[in-house]
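A.B. asks: I'd like to go over a predicted model; first the sequence, then the structure.
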Amino acid sequence: MRDVTGQLADYFDATVERITPEDVFAGSDGRYPTPRLDPTPRHRLQPAWVVAVAFMTTIVVFGGSLGVMMMFRARLIPASSGFSPIAASPGTGSDTGWLWLVVVGLVIALLAAMAGLIVKGRGTGRGANGGSTMTMTTDKPQVDANVQKLHTTNRVLIIAVVVLALLAIGLGGWAIYQATAEDQVAAVPEDVAALIDEWQAANSSNDGSVADLYAIGGYHQAGTNKLTGEDLATELNLPGWTHEWTTEPYLIVDEGDGRYVVVRGLELGNGTIVSNSAFVFEITTNGDGQLEILQTNWIWQN
Amino acid sequence: MMKTTDTDTKATQAFTRFVKEVEPRLSYALAAAYGPEVGSDVTADALAWAWEHWEKVQNMTNPSGYLYRVGQSKARWYHRPRVLFPQVSPAEVSGMAPELPEALGGLSKHQRVAVVLIHGLGYSEREVADLLGLSRWSVRTHAERGLGRLRSALGVTVDA
């Protein structure tokens, strides 16, 4: 058998396609190469694939991380961990986890799309069919069609980037609002807070005057019973029991029609038993514009 | 206008001479590194880049080495074929061992370039060292190891 050296020379002479200066000049417009067409298109990095893969990878990675975090959180905070203040703002907390996931995915997809555009832009110099060759094709109509196709692809990609950017910005803003709103508590109107203070003072006086703060037909819900008048006052201030607010009042409902629902943490005790509970006020505005209590409800552990 | 045309003509002539001098080494080196298919494409890309930046390239001390690295960068954008070195028919290359393409794929990139340029095409160790940006001793080592592995893979023995 021939030695390797001779075989190597023959093999590369037979397989390597040589480049001439004319090839280089033919493929350049002045000093800048124009798109060259490849009769055998080669698989190349497509921006759409990049976007899809980046988005899916982000979803999987961040989704998995989020799931693990939630599992750990569930272990760290057992259900019987005791009293904790009521979260006042609905639709926050873990509900927004998926939203962050989508926002991060969109942002990464956006970056990937921009990278895709750059890749596509670079690809312009290699040929509209996705590759290059030293064999220059100068069929003008074919060049025009391919360049036109490239321009159309770029236009679609640019529109996709803009749409993704707007989506990312919008969802990002919403997510930030939701996340920051988690710690915000809607302020209880002063007159409502004053009525609750008045209710507390009247209840502590133990003279039955607390019932006067209720509207006609107003009641205190005790189990399945609706208590009014003297029964209401007795129920609310049993002898030997103390009542201490444990939280600020949280405004749950304020729809602008003069009706409010407010909840406040309350500690109930008799010296030996201490019970953490919540007290719910439904307050309405009567025809004279005065605030009255429509109902109260004491949620505590029997 | 005449002056510009005259300058362009001189540049074209100088670049033509440059391509004729540099292209063979560059083509074979990049073909050895990335296979004949991608190698030819990236050689074309590297030379197109050289023409685009001719004022810069013509003043370089080692333009072939620089263009080899340009070719390496360009190669990253190409999809690598599954078979780096395709088979050729016996009619094209007579007396070639059919195992040669696969054996070439088993060498490292530096070994392939060194053994092909030095032992296959007769370039000097200095020329290959300039191209790859390595020392002559490294190139010699790559070439010897590559040749030894090729001979071993093809079962070729050489008389001492």
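C.D. replies: Here it is on my side, so go on.
A.B. asks: Do a quick rundown of the helices in chain B.
C.D. replies: Using DSSP state H, the helices of chain B run over B:2-34, B:36-52, B:54-57, B:63-75, B:100-105, B:109-114, B:125-132, B:136-154.
A.B. asks: Including mean neighbour count, could those helices go into JSON lines?
C.D. replies: C-beta here means a position set from N, CA and C on the backbone, and glycine is covered the same way. Formatted as JSON lines, these follow (neighbours: other Cβ atoms under 10 Å in any protein chain shown):
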{"stretch": "helix B:2-34", "mean neighbour count": "17"}
{"stretch": "helix B:36-52", "mean neighbour count": "25"}
{"stretch": "helix B:54-57", "mean neighbour count": "14"}
{"stretch": "helix B:63-75", "mean neighbour count": "20"}
{"stretch": "helix B:100-105", "mean neighbour count": "18"}
{"stretch": "helix B:109-114", "mean neighbour count": "23"}
{"stretch": "helix B:125-132", "mean neighbour count": "20"}
{"stretch": "helix B:136-154", "mean neighbour count": "18"}
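A.B. asks: Turn those helices into CSV, including distance to A:Thr152 and mean pLDDT.
C.D. replies: Converted to CSV, the helices of chain B look like this (distance: least, Cβ to Cβ, whole Å; pLDDT from 0 to 100):
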stretch, distance to A:Thr152, mean pLDDT
helix B:2-34, 32, 86
helix B:36-52, 25, 92
helix B:54-57, 33, 90
helix B:63-75, 26, 92
helix B:100-105, 39, 91
helix B:109-114, 39, 94
helix B:125-132, 41, 94
helix B:136-154, 47, 93
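A.B. asks: Which one, of the ones you listed, ends up nearest to A:Glu198?
C.D. replies: Taking Cβ to Cβ, helix B:63-75 is the member of the helices of chain B nearest to A:Glu198, at 79.0 Å.
A.B. asks: Please name every helix or strand in contact with the closest one.
C.D. replies: helix B:2-34, helix B:36-52, helix B:54-57, helix B:125-132 (3 or more Cβ pairs under 8 Å, 6 or more residues apart in numbering or on different chains; DSSP states H and E).
A.B. asks: right, and the helices of chain B - which one's nearest A:Asp13?
C.D. replies: Smallest distance to A:Asp13 across those (Cβ to Cβ): 9.1 Å, for helix B:2-34.
A.B. asks: residue ranges for the strands of the stretch 101-250 of chain A, please.
C.D. replies: Shown for the stretch 101-250 of chain A, the strands assigned by DSSP state E, counting those that start in this stretch span residues A:214-222, A:225-227, A:242-245, A:250-254.
A.B. asks: Run through the residues that contact whatever residue of chain B ends up closest to chain A.
C.D. replies: In chain B, the residue that lies nearest chain A is B:Gly120 (3.1 Å; Cβ to the nearest Cβ). Residues in contact with B:Gly120 (Cβ atoms under 8 Å, 6 or more residues apart in numbering or on different chains) are A:4-5, A:8-9, A:11-12, B:28.
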